[in-house]
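J.: Show me the folded form of this:
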Amino acid sequence: MKKISLKTYSVIALFTILLLIAVIGILLFYQREIPVKPVAPAPPPSMAYGIRIDSLDISYGAVTNNQNLSSILSSFVTADLIDRISKEASGVFDVRKIKAGNRYARISSRDSLKKTLYFIYEINPIDFVVYDFSDSLSVYKEKKKVTHLVKTATGTIKSSLWNCFVENKLDVNLGLALSDVYAWTVDFYGLQKGDNFKVIYEEVFVDNKMVGIDRILASRFHSNGKDFYAYHFEQGGKGAYFDENGQSLQRSFLKAPLKFSRISSRFSRARLHPILRIKRPHFGVDYSAPKGTPVVALGNGHVAEAGFKGGYGRFISIRHNSVYTTTYAHLAGYAKGIAAGANVSQGQVIGYVGSSGLSTGPHLDFRVYRNGSPVDPLHLESPPSVPVDQKDMVRYKELVNRMNAELLK
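T.: This is a model prediction of the structure:
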């Protein structure tokens, strides 16, 4: 066999080394990080009321006095569509409840026709109703996206709870909520200088704007040398306020102040008066019952008035706490011991059905006032005064400890 010369070996070795270098170079070239020009992400679609409007126009307005839905829409859509709205909206929103001052929006096509595709009425800062004209008419309700922010407020009483909130530039609605929480445990008419409070609550934001107070989460109210605690806790799907031992802060009202045969007149802001024959508000419920039927106190309280009062006839007013007051009119007479200044208990007989004052027959005119404003007695919410269930007590104590970490700072 012919021997390969040293020179030939050297050439082969050099060629092999050069080949390896070339291969490694090619591999490194393809494995290197090639810079990529960043691409800006597409902007999110412009949305309003859950509707994509990046290719549409939107304009806003506010309901003026004496305006209704028909008068607002008359320049936007056909009369035929307006006539159909009342049928389509049935069970969704009562168009008669449109209020002056509330905002609305019109979404229209971005062309020469400016066709109205959607009309939105804001029922309140959160809820709105959409009238969709884009295809066939449809009506539906939606809610705006809501965010909650937990905040803490403190104050020391100098004269009254109201003045304390004004002086500290706190939302007075928080003061009303606080008085509701402690309605049955703190006498807000008997507050003294130096009484103080700390409250943890949630503010509600819509479109980055604070629109109200959602609820009080926990609070401590120091009054007359004693601390009163309140914690919002949910059990059985319902929330209520309890003290540090799990006892309810709320008390229940009776469903009605008497056993009655029928309701002869309901709560109304424009009732035709049966004697005066003019329309005037009737902020109560008339219970028709035989003369002499016993009338009882809706709840524990203090008799603020008891005597003859013009068209109300024989009249009783009971202050139950700093929030609720009830009145009983057209009585035939009073039960023994009922006079201004007397204390009464829930279910105690205070008087008897009659027809005194401006009345067409025996009945009880019964009214309820919340923070001085009349409310419909038939829609009065009276939470059950039951304590935290034993099966929920561990979870409740965890809540109390968590809230106290902030309340006791």
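J.: how near is Gly212 to Arg106?
T.: When distances are taken as CB to CB, to the nearest Å, Gly212 and Arg106 turn out to be 26 Å apart. C-beta coordinates here come from the backbone N, C-alpha and C atoms, glycine included.
J.: higher neighbour count, these two?
T.: Summary of the neighbour comparison: Gly212 and Arg106, criterion other CB atoms under 10 Å, with Arg106 having more neighbours (21 against 16).
J.: Contact partners for the more buried one?
T.: Listed by CB atoms under 8 Å, 6 or more residues apart in numbering, the contact set of Arg106 reads 58-61, 76, 116, 118-120.
J.: Just the buried residues from those residues, in PyMOL please.
T.: One line in PyMOL is enough to select the buried ones among the contacts of Arg106; burial here means 16 or more other CB atoms under 10 Å:
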select buried, resi 76+116+118+119+120
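J.: ok, the contacts of Arg106 vs Val172, which is closest?
T.: Nearest to Val172 among the contacts of Arg106: Tyr60, at 28.2 Å, using CB to CB.
J.: Model confidence at the closest one, what's the number?
T.: Each residue has a pLDDT score; the one for Tyr60 is 93.
J.: Isn't it up against Ala105?
T.: Yes: taking CB atoms under 8 Å as the contact criterion, Tyr60 and Ala105 are neighbours in contact, 5.1 Å apart.
J.: Mind listing the residues bridging to the residue lying closest to Ala332 once chain neighbours are set aside?
T.: For Ala332, ignoring the flanking residues on the chain, the nearest one in space by CB to CB, 6 or more residues apart in numbering is Gly354 at 2.7 Å. When bridges are called by DSSP bridges, Gly354 pairs up with His363.
J.: which SS state does Asp83 fall under?
T.: Secondary structure of Asp83, reduced to three states by DSSP: H, G, I helix; E, B strand; the rest coil: helix.
J.: How many neighbouring residues does it have?
T.: Other residues near Asp83 come to 10 when the count uses other CB under 10 Å.
J.: Relative to Val95, how far out is it?
T.: Distance check for Asp83 against Val95: by CB to CB, it reads 12 Å.
J.: what's the answer for Pro257, then?
T.: In this structure, Pro257 and Val95 are 36 Å apart, going by CB to CB.
J.: between these two, which one's more packed in?
T.: Set side by side, Pro257 and Val95 show unequal neighbour counts under other CB under 10 Å, the larger going to Pro257 at 26 against 18.
J.: follow-up on the earlier one: need the contacts of Arg106 in TSV (columns: distance to Asn401 and secondary structure).
T.: TSV is the format used below for these (distance: CB to CB, whole Å; DSSP: H, G, I helix; E, B strand; the rest coil):
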residue	distance to Asn401	secondary structure
Ile58	49	strand
Ser59	52	strand
Tyr60	47	strand
Gly61	51	strand
Phe76	57	coil
Thr116	56	strand
Tyr118	49	strand
Phe119	51	strand
Ile120	45	strand
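J.: gap between the two ends of stretch 157-164?
T.: 6 Å (CA to CA, to the nearest Å).
J.: Okay, buried residues for it please.
T.: Neighbour-count burial for stretch 157-164 flags 157, 161, 164 (criterion: 16+ other CB under 10 Å).
J.: Which pLDDT value belongs to the last one?
T.: The confidence metric pLDDT takes the value 90 at Cys164.
J.: do the same with the first one
T.: The score at Ile157 is 92. That number is its pLDDT.
J.: and if you look at the second one?
T.: Turning to Leu161, the model gives it a pLDDT of 85.
J.: you'd agree it is up against Phe188?
T.: Yes: here Leu161 reaches Phe188: they are 5.7 Å apart, a contact under CB under 8 Å.
J.: shared neighbours, those two?
T.: Residues touching both Leu161 and Phe188 comprise Ser179, with contact defined as CB under 8 Å, 6+ apart.
J.: can you count the residues close to Ala339?
T.: As a burial measure, Ala339 scores 12 neighbours (other CB under 10 Å).
J.: oh, I was asking about Val386
T.: Residues contacting Val386 under the criterion other CB under 10 Å number 14.
J.: Shouldn't it be within a strand?
T.: No: membership of Val386 in a strand is not supported by three-state DSSP, which gives coil.
J.: Can you check the pLDDT for it?
T.: pLDDT, Val386: 84.
J.: do Ile107 as well
T.: According to the model, Ile107 carries a pLDDT of 94.
J.: Dihedrals phi and psi, it?
T.: phi -110, psi 120 (degrees, to the nearest 10).
J.: what do you get for Leu176?
T.: Here the main-chain torsion angles of Leu176 (degrees, to the nearest 10) amount to phi -70, psi -40.
J.: List the contacts of it.
T.: Counting by CB under 8 Å, 6+ apart, Leu176 touches Asn371.
J.: Put the alpha carbons of stretch 248-263 into PDB.
T.: C-alpha atoms of stretch 248-263 as PDB (Å, rounded to 0.1, in the frame of the first residue of the first chain):
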ATOM      1  CA  SER A 248     -77.600  41.900  66.800                       C
ATOM      2  CA  LEU A 249     -77.600  45.700  67.000                       C
ATOM      3  CA  GLN A 250     -81.000  45.900  65.200                       C
ATOM      4  CA  ARG A 251     -84.500  45.400  66.500                       C
ATOM      5  CA  SER A 252     -87.500  44.400  64.600                       C
ATOM      6  CA  PHE A 253     -90.800  46.200  64.100                       C
ATOM      7  CA  LEU A 254     -94.200  44.600  64.000                       C
ATOM      8  CA  LYS A 255     -95.700  44.200  60.600                       C
ATOM      9  CA  ALA A 256     -98.700  46.300  61.400                       C
ATOM     10  CA  PRO A 257    -100.000  48.300  64.500                       C
ATOM     11  CA  LEU A 258    -103.300  46.500  64.600                       C
ATOM     12  CA  LYS A 259    -105.300  43.500  63.400                       C
ATOM     13  CA  PHE A 260    -107.200  45.000  60.500                       C
ATOM     14  CA  SER A 261    -109.800  44.000  58.000                       C
ATOM     15  CA  ARG A 262    -108.400  45.800  55.000                       C
ATOM     16  CA  ILE A 263    -106.200  48.700  53.700                       C
END
